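**Student:** Here's a sequence, model it:
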Amino acid sequence: MSSTRNDALSAWMSEHQVSSNALAEKVNQVIGDLTGKVGGLDGSDVRGWKAGRVRWPKSATRAALEQITGLAATDLGFVRRGKAPALAARSSEDPVHRRAFIAATTGTALSAIPSTRLTVGTGDVQRLRDRLAELWLLDDQNGGGPELETRAVALSAHAMELQQNGSATTRIRSRLYALAATFTATAMWAATDSRRLEDAQRHMEKAITLAGLSGDGQAQHQIWRYASMLAGQRGRWADAVAASEAAMGTSIHRSDPRYASLSHARLALSLPGLGERSRAQRALDQASRAFTHADPGAFRPASMDFYTRGELDGLTGITHLRLGNAEKAEYHLHRCLSDLRDDQLRNRAYYTVHVAFAQLAQGDIGQACCTAAAVMPPPGSTPTGRIPHLLSTFTRQLNIRAPHARTTREWNDRTATSPRRHL
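**Tutor:** Residues are numbered from 1 along each chain as shown. So this is what the prediction gives:
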């Protein structure tokens with residue numbers, strides 16, 4: 001197949017007098033900053049991009065290029081493989097912003113570019129918020145994974161470059177810290193969703209620091225609830241409860257009942273791990289009451305778009321499942337699935353697997369397998385996120401409950417050939 005030259009990348013390199021070797025070296029450095037492992041690119045790789053032989057580099061490479069240039073990968077002339085996902089197109093940064101960002105990130109390789117101290121304002125903040133909304137859409141559609149994590153880390157670094165190298169008011173600086181914290185929390189969530197828990201812990205520690213510097217209650221609430229989820233995945237239920245209680249100490253918990261509802265729901269999820277059944281039920285009741293008092297039209301960041309009445313039903317269902325109330329759990333989980341938006345693909349799969357757990361706990365083996373099979377990754381796919389791990393857990397529980405059943409043998413035969421990445 002013939003290749004089409006990447007004129008956009010070639011033009012950028014020519015404009016800024018960057019050689020192929022110099023760009024490869026800088027990309028390797030930034031990949032190291034993003035992933036902890038320095039990249040192995042050289043000038044021939046860059047020449048391959050320019051010639052169009054490589055039309056869509058790996059996610060870490062794209063994130064590094066976006067951080068270096070301040071431009072989206074598509075604006076640099078790269079073309080997505082296959083059908084483009086339903087994400088909003090990212091706008092290019094304005095020329096002054098781009099020149100200042102390049103000067104801050106590329107060092108002597110681009111020393112000819114003036115290093116003026118740019119003024120950072122609400123437009124820069126809004127552009128970062130737009131990027132954040134894109135990440136949340138990506139998460140809704142695909143769940144957490146390396147691509148989401150890498151992009152989030154790069155955007156957090158971008159926000160901090162503006163913080164360190166720009167002139168801004170105190171209010172704008174607070175927002176930049178909050179955005180950097182939220183991007184880092186998104187990276188933490190992506191790592192948690194993929195069960196790379198050590199990476200998630202590292203992101204969490206950074207996010208907590210940035211959120212503290214921001215003084216932003218929404219960012220702090222988001223990070224503490226993610227911390228609760230991470231602790232829960234590690235089976236550290238006392239830490240999970242403490243993180244949920246920390247979320248209740250934020251200003252946004254006190255001022256917005258929608259956030260208060262989510263705080264109580266997250267607490268309820270953690271309490272069964274400590275054997276606190278009555279307190280878990282009280283937390284669920286508080287979550288429901290707070291939700292009814294929340295203003296549905298109030299402005300909230302994209303990170304709260306997922307929290308609908310259906311999501312509350314989903315969290316309630318999982319709590320009942322952990323409390324051993326399988327019938328109640330299935331009731332709430334079905335209510336959740338009927339209320340989710342069409343674009344919430346990850347959450348739909350997540351709660352569907354929990355319906356299967358509830359059915360299995362009630363002894364309905366055949367129906368449980370049928371439900372779980374609905375979210376099994378198709379052959380040839382490379383699944384990410386929690387679903388493969390949950391299906392593996394379902395398989396173990398099925399074999400414990402009905403080891404000799406024909407349905408169990410059929411399920412085992414089917415899963416033996418299914419994708420098992422991250423299981």
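**Student:** how far does whichever helix in the chain runs longest sit from the chain's center?
**Tutor:** In the chain, taking DSSP state H as the definition, the longest helix is helix 170-193. Relative to its chain's centre, helix 170-193 lies at 11 Å (C-alpha atoms, centre = their mean, to the nearest Å).
**Student:** I'd like to know which elements it is packed against.
**Tutor:** Where contact means 3 or more C-beta pairs under 8 Å, 6 or more residues apart in numbering; DSSP states H and E, helix 170-193 is packed against helix 122-142, helix 146-165, helix 197-214, helix 217-233. All C-beta spots, glycine's among them, are computed from the backbone N, C-alpha and C.
**Student:** which of these is buried the deepest?
**Tutor:** helix 217-233 (a mean of 24; mean count of other C-beta atoms under 10 Å).
**Student:** picking that back up, right, so of the helices and strands packed on helix 170-193, which gets closest to Q67?
**Tutor:** helix 146-165 (4.7 Å; C-beta to C-beta).
**Student:** Which elements pack onto the closest one?
**Tutor:** So helix 146-165, by 3+ C-beta pairs under 8 Å, 6+ apart, packs with helix 20-35, helix 59-69, helix 95-106, helix 122-142, helix 170-193, helix 197-214.
**Student:** now the angle from it to helix 122-142?
**Tutor:** Interaxial angle, helix 146-165 versus helix 122-142 (axes from the mean of the first three to the mean of the last three C-alpha atoms, to 10 degrees): 170 degrees.
**Student:** model confidence over helix 146-165, on average?
**Tutor:** Throughout helix 146-165, pLDDT has a mean value of 86.
**Student:** Could you tell me how far that helix lies from the centre of the chain?
**Tutor:** In this view, helix 146-165 has its centroid 13 Å away from the chain centroid, taken as C-alpha atoms, centre = their mean.
**Student:** again with stretch 357-368
**Tutor:** Here stretch 357-368 is found 30 Å from its chain centre; the criterion is C-alpha atoms, centre = their mean.
**Student:** buried ones in that stretch?
**Tutor:** Across stretch 357-368, burial judged by 16 or more other C-beta atoms under 10 Å covers F357, A358, Q359, L360, A361, D364, I365, A368.
**Student:** Can you check which of the helices and strands packed on helix 146-165 gets nearest to L340?
**Tutor:** Here helix 122-142 is closest among those (C-beta to C-beta), at 9.8 Å.
**Student:** Please name every helix or strand in contact with that closest one.
**Tutor:** Judged by 3+ C-beta pairs under 8 Å, 6+ apart, the packing partners of helix 122-142 are helix 146-165, helix 170-193, helix 345-361.
**Student:** Out of the helices and strands packed on helix 170-193, which is closest to E66?
**Tutor:** In terms of C-beta to C-beta, the element of these nearest to E66 is helix 146-165, at 5.9 Å.
**Student:** orientation of the closest one relative to helix 20-35 in degrees?
**Tutor:** Using the same axes, to 10 degrees: helix 146-165 against helix 20-35 is 100 degrees.
**Student:** Now do the domain split for this structure, please.
**Tutor:** The chain breaks down into these domains under automatic domain parsing: 1-74+93-116, 117-215.
**Student:** most tightly surrounded among those?
**Tutor:** domain 117-215 (a mean of 21).
**Student:** What is the burial count for E245?
**Tutor:** 15 (other C-beta atoms under 10 Å).
**Student:** how about the residue lying closest to R173 once chain neighbours are set aside, what does it touch?
**Tutor:** The shortest distance from R173 to any non-neighbouring residue, by C-beta to C-beta, 6 or more residues apart in numbering, is to Q163 (6.4 Å). By C-beta atoms under 8 Å, 6 or more residues apart in numbering, the contact set of Q163 is V120, R173, L176, Y177, A180.
**Student:** A157 versus the first one, what's the distance?
**Tutor:** Relative to A157, V120 is positioned 15 Å away (C-beta to C-beta, to the nearest Å).
**Student:** Ok, the fourth one next?
**Tutor:** Distance from Y177 to A157, counting by C-beta to C-beta: 13 Å.
**Student:** ok so, going back, A268: which of the domains of the chain is closest?
**Tutor:** A268 lies closest to domain 117-215 among those, at 19.0 Å (C-beta to C-beta).
**Student:** distance between the closest one and the chain's centre?
**Tutor:** With C-alpha atoms, centre = their mean, you get 11 Å for domain 117-215.
**Student:** Could you provide the contacts of Q163 in TSV, with additional columns for distance to R80?
**Tutor:** Supplementary listing: those in TSV, determined by distance: C-beta to C-beta, whole Å:
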residue	distance to R80
V120	30
R173	35
L176	29
Y177	32
A180	27
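**Student:** which stretches of the chain have low pLDDT?
**Tutor:** 1-3, 34-36, 81-117, 139-144, 379-385, 417-423 (pLDDT under 70).
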